[in-house]
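1. Dropping the sequence and predicted coords here.
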2 protein chains.
Amino acid sequence: MSDLRGLKLAVLAPIAWPTPPRGYGPWEQVAYNIAEGMHARGLDVTLFATGNSHFSGTVSSVVPVGINEDPALNGDVFGALHTGELFRRAGEFDLIHNNFDWKPLTYALATTTPPVLTTIHGFSSPQILAAYYASAWRSFYCSISNADRDPGLDYIATTYNGIDVSQFTFAERAGDYLVFLGRFHPEKGAHLAIEIARRAGVRLKMAAIPQDEAYFNEMVAPHIDGDRVQFLGEVEREARNDLLGNALALVHMTTRPERFGLTMVEAMACGTPVLGANMGSVPELVVNRVTGFVCDNVEEAVARVPELAVLDRRACRRHVEDTFSVTCMIDRYLDAYRIAVDRRLPVAPSTERLRWRSTDWWERPMAYTDIPPKPASLHFND
Amino acid sequence: MSDLRGLKLAVLAPIAWPTPPRGYGPWEQVAYNIAEGMHARGLDVTLFATGNSHFSGTVSSVVPVGINEDPALNGDVFGALHTGELFRRAGEFDLIHNNFDWKPLTYALATTTPPVLTTIHGFSSPQILAAYYASAWRSFYCSISNADRDPGLDYIATTYNGIDVSQFTFAERAGDYLVFLGRFHPEKGAHLAIEIARRAGVRLKMAAIPQDEAYFNEMVAPHIDGDRVQFLGEVEREARNDLLGNALALVHMTTRPERFGLTMVEAMACGTPVLGANMGSVPELVVNRVTGFVCDNVEEAVARVPELAVLDRRACRRHVEDTFSVTCMIDRYLDAYRIAVDRRLPVAPSTERLRWRSTDWWERPMAYTDIPPKPASLHFND
C-alpha cells in the first residue's frame, strides 16, 4: 500500500488542552499538525481530542474541554474514557496513531487490529518503560530524535516534530542579545545562559514559565536586573516571534539530554542560530558551525559568542524548511504509516534489544522528567 | 444456563496487596473469597492478581507483589498492564468478574464479549460515576448493599460481602466493654463511640489504624487513658477475634452512610451485637432489637447500652451464617452470573435512571471517601 489516500486514520491526542492548544500544550500541538497534515494529504482522519478542539476533518470527543482548563474534570477518568472510546471504535479505522503516551497501549493489547503506531513524545518516568516493553509486539514506535531512543525498544522511524515555518518571521540581521526560552527547570540550564551572557558581556532576555520555583528563586531571580538580564515572563506567539528573530542566538545549554527541543527549531526558523549543549538531540537539530554551535561546556559557549553574528541566518531558516517543517514531518510519518499498514504487527524484539530491558533504567543516558513521587500514605479502598 | 459448572471465569482482583491479603486489603479479601468459592462450586476460575497471591485455581500475574508492598512499583503502570493482560486473554473466558474498580470498564468498552460483571465496592469520588455510566451498556453491576446503589445505575443483584464464619469464634457470654474497630476517620465515628461509652459508664476498647491523623490527635487521643478508653493499635486476626467476641457490643456510630461494614458482620459472627447509626447499610446488616440496635442519635445509643446484654448472642451468629457467609455470597453471585451469561449485555438504562445522571453527584445521599485533590500545578508533557 504505497498510496495512503483514503486511509481511515484515527489520531489520538492528549486531553490536557484542546487540540490545537491556545497556549502551552506541545503534544496537542504536534497531534494537531499531524491530523491537519494527513487530512491535507487525502487521508480520512478522525481526531480524538477535547470537545473544544478544531480541525478540518472529524473531531471525536468525550470530554468537553481540556482537563487543565476545568478543575472539576478528573484527568484519570476522562483519559480512560477518551482512550476507551477510541478502542470502542477501533474497527472503523485502518490505522491508529497514538500521541497520548503509554496508557492507550495497554488497551491495544486486547486486539491485533488495526495496526497502532505510537509516537513516544517523552518518558515521564523509567517505570512507564514496562508498558512500552509489554506492548512492543502490538505497537510500532516512532522517536522524536535519534538520541531519544530507548535501547530496549525497536523504532520504525525518527519523526522530528515539524513546525509551520510560515508562522515564524525570518529576521535578516542578527540582534545584540542572547535569548533563553522555555521553562525554568535546572535541566533547561537558565543559570548557564546567565553565566554565559555575563562572561561574554552580552545582554540576556528570558521568556519562560517558572516550573521549578525553588530553582528560579535561587539560581535565576537574583540575577534579573531588567538590563543585563531581563525576565519577560511567558510571551505570546507574536512577541515570541520578535524576541527570537531579533536575538543574536538562542542559548540552549541543557544539563540533561533534551529529547527534541522545539525552541531550537523555532529560533532557527526566525534565522537565529543556537548556542547549545553537546548532548541529547542538540547535535541532531543544530548543524554545528552552520546553524549554531554545539558546545561541550560553558567555556566553549562563551568563546563562541563573538562568532555567532557571522553565521548565515538564511542557512538557519533553510535548515528548518528542509528538515523540521510540518511537510517533512508528514512525509516521515507517511513512510512510517506505510510500514505499519503493510506489516500490521511489529516483528518480535531481537535478543540484543531484550537484553537491555534488564539494565537498570536509572543508568540509561536519557533523562526522565517530572517523576511523580510515590504516595507516602496507603490507599484505603473500603 | 442454570448449571455453571465448568464455566470459564476470570476474577480480576486489585493489586494493592496480594490476594488474599496478609493484613489490610478488603477488596483483595473479597476477590479471594469469590475465587475460592467459585472454584469450590466447580467453575474453572483464573484469578488475575499479584504474583505472591495464592488460590486453589490458576493465578495469572503481571506484577510480582502488591503495589503497596514495594515502593518501586508504579500502581498506574502495573494497574494498566494487569487490566490489559486480562483483556488480552478475554477470549478465553465465558465471564469476567471485575473487582478492580471502574478503570477496567473502559477497557471492556472495546468488545462485547465475554459478558462482564462488576462489583462496585465503593465510590472513591463522584467523578468515577462518569465511567460507570459510560459502561452501563457493557457491564452488569452488583452493589454490596441496597443502600449503596447509585440511582443512575441499574444493578442486577446486591451481593453482600461474605465471611468465612468458621474463622470467628463464637463467644457465648457478653463482655463488659464496648469495642470500636476499623480506622480513625471522622466518618467512622470513633469520637461518638467515646462519648457513648463515657455517658453509659462502660469501658471502650479501640483497635484501629489512624487514617486521619489530625482527627485522631484532636478528637480521639485526648480521651485515651488506658482504662476507661483503651487504644490497642491495629490488631491481628487472633487478637481481633478475642477483642470482638468478649465485647458487650461493637459501636458503629458512623457519621456518613456506610457502604457495607465488614466489622459489623465480624462482630455478629462472634456473637457480639452492634450499636449502630441509622444510616447507610446499618439497618440492612443489623436486625434491630435482635442482633443489635439501630440508633437515630447518640442519646438513643446511650439509652440502649443497658439492653445490650439481654440480646441473644446466638441470634447474632445465626444471622451471619444465614446472610453473610461466603456460601451466601457465592449463591448470590451465582444467580448474578446466570443473568450475565444469559443476557450477555445489560439492557439499556431506563429514562428514569438516565434522569438521575444529570443530578449533582454531591447532593446524593451516599458519601464519597478519600477524594484525591486536583493537583495545583500543571502537567508539563514536553
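-> That came in fine, so what should we check first?
2. Which positions in stretch A:14-29 come out as buried?
-> A:14-21, A:24-29 (16 or more other C-beta atoms under 10 Å in any protein chain shown). For glycine as for every other residue, the C-beta is placed from the backbone atoms N, C-alpha and C.
3. Correct me if wrong: residue A:329 contacts residue A:160.
-> Yes. At 6.3 Å, residue A:329 counts as touching residue A:160 under the criterion of C-beta atoms under 8 Å.
4. wait, what's in contact with the closest residue to residue A:260 other than its chain neighbours?
-> Counting by C-beta to C-beta, 6 or more residues apart in numbering or on different chains, residue A:260 lies nearest to residue A:144, which is 4.4 Å off, once chain neighbours are set aside. Residues near residue A:144 by C-beta atoms under 8 Å, 6 or more residues apart in numbering or on different chains: A:119, A:120, A:121, A:122, A:158, A:159, A:160, A:161, A:259, A:260, A:281.
5. May I see those residues organised as CSV, with neighbour count added?
-> CSV is the format used below for those (neighbours: other C-beta atoms under 10 Å in any protein chain shown):
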residue, neighbour count
A:119, 24
A:120, 23
A:121, 23
A:122, 21
A:158, 17
A:159, 23
A:160, 22
A:161, 23
A:259, 21
A:260, 24
A:281, 24
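6. Least confident of those residues?
-> Here the lowest pLDDT out of those sits on residue A:122, with 85.
7. Relative to residue A:216, how far out is that one?
-> 22 Å (C-beta to C-beta, to the nearest Å).
8. cool, and residue A:152?
-> Taking C-beta to C-beta, one finds residue A:152 at 35 Å from residue A:216.
9. my read: residue A:53 touches residue A:47, true?
-> Yes. If you go by C-beta under 8 Å, residue A:53 and residue A:47 touch, sitting 6.7 Å apart.
10. shared neighbours of these two, anything?
-> A:13, A:19, A:32, A:59.
11. Let me know the average pLDDT across stretch A:190-208.
-> 97.
12. gap between the two ends of it?
-> One end of stretch A:190-208 sits 10 Å from the other (C-alpha to C-alpha, to the nearest Å).
13. The contacts of residue A:144 in strands, which ones?
-> A:119, A:120, A:158 (DSSP state E).
14. Could you double-check that the second one sits in contact with residue A:140?
-> No. Counting by C-beta under 8 Å, no contact exists between residue A:120 and residue A:140, whose distance comes to 10.8 Å.
15. Between those two, which contacts overlap?
-> With C-beta under 8 Å, 6+ apart, residue A:120 and residue A:140 have no common neighbours.
16. low pLDDT regions in the stretch 251-382 of chain A?
-> The stretch 251-382 of chain A contains residues with pLDDT under 70 at A:360-382.
17. May I have the secondary structure class of residue A:55?
-> coil (DSSP: H, G, I helix; E, B strand; the rest coil).
18. Pull the number of nearby residues for it.
-> 19 (other C-beta atoms under 10 Å in any protein chain shown).
19. Can you tell me the element residue A:335 falls in?
-> Using DSSP states H and E, residue A:335 sits within helix A:326-343.
20. Only C-alpha atoms, please: export that helix in CSV.
-> The C-alpha coordinates for helix A:326-343 follow below in CSV (Å, rounded to 0.1, in the frame of the first residue of the first chain):
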residue,chain,number,x,y,z
VAL,A,326,5.4,20.1,9.0
THR,A,327,5.7,18.9,5.5
CYS,A,328,8.9,17.0,6.4
MET,A,329,7.2,15.5,9.5
ILE,A,330,4.2,14.4,7.5
ASP,A,331,6.5,12.8,4.9
ARG,A,332,8.3,10.9,7.6
TYR,A,333,5.0,9.8,9.2
LEU,A,334,3.6,8.6,5.9
ASP,A,335,6.7,6.4,5.4
ALA,A,336,6.1,5.0,8.9
TYR,A,337,2.4,4.6,8.2
ARG,A,338,3.2,2.5,5.1
ILE,A,339,5.4,0.2,7.2
ALA,A,340,2.7,-0.1,9.9
VAL,A,341,-0.1,-0.8,7.4
ASP,A,342,2.0,-3.3,5.4
ARG,A,343,3.4,-5.2,8.4
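21. what about it, near chain B?
-> No. Using C-beta under 8 Å from any C-beta of the partner chain, we find that helix A:326-343 stays clear of chain B, coming within 15.9 Å at best.
22. what's near enough to touch the nearest residue to residue A:115 once chain neighbours are set aside?
-> Nearest residue to residue A:115, sequence neighbours excluded (C-beta to C-beta, 6+ apart): residue A:340, at 4.5 Å. Each residue near residue A:340 by C-beta under 8 Å, 6+ apart is listed here: A:95, A:115, A:116, A:117, A:140, A:156.
23. now the third one, nearest residue through space, not along the chain?
-> Nearest residue to residue A:116 in three dimensions, chain neighbours excluded: residue A:139, at 4.2 Å (C-beta to C-beta, 6+ apart).
24. what number of residues lie near the one you found?
-> 23.
25. likewise residue A:285?
-> 27.
26. Please apply the same query to residue A:224.
-> Counted with other C-beta under 10 Å, residue A:224 comes out at 15.
27. hang on, it packs against residue A:231?
-> Yes. In this structure, residue A:224 is within contact of residue A:231 by C-beta under 8 Å, at 4.7 Å.
28. Please save the CA atoms from stretch A:50-57 in CSV.
-> Extracted in CSV, the C-alpha atoms of stretch A:50-57 (Å, rounded to 0.1, in the frame of the first residue of the first chain):
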residue,chain,number,x,y,z
THR,A,50,-11.3,17.5,23.6
GLY,A,51,-14.7,19.0,22.5
ASN,A,52,-13.3,22.5,22.2
SER,A,53,-10.7,21.3,19.6
HIS,A,54,-11.0,22.2,16.0
PHE,A,55,-9.6,20.5,12.9
SER,A,56,-10.5,20.4,9.2
GLY,A,57,-11.5,16.7,9.5
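29. Against chain B - does that stretch have any residue that ends up touching it?
-> No. Stretch A:50-57 stays clear of chain B (C-beta under 8 Å from any C-beta), getting no nearer than 14.1 Å.
30. Show residues contacting that stretch.
-> A:13, A:15, A:17-20, A:32, A:35-36, A:39-40, A:44-47, A:49, A:59, A:61, A:63-66, A:69.
31. Go through the buried residues of stretch A:14-29 and say which is closest to chain B.
-> residue A:26 (4.1 Å; C-beta to the nearest C-beta).
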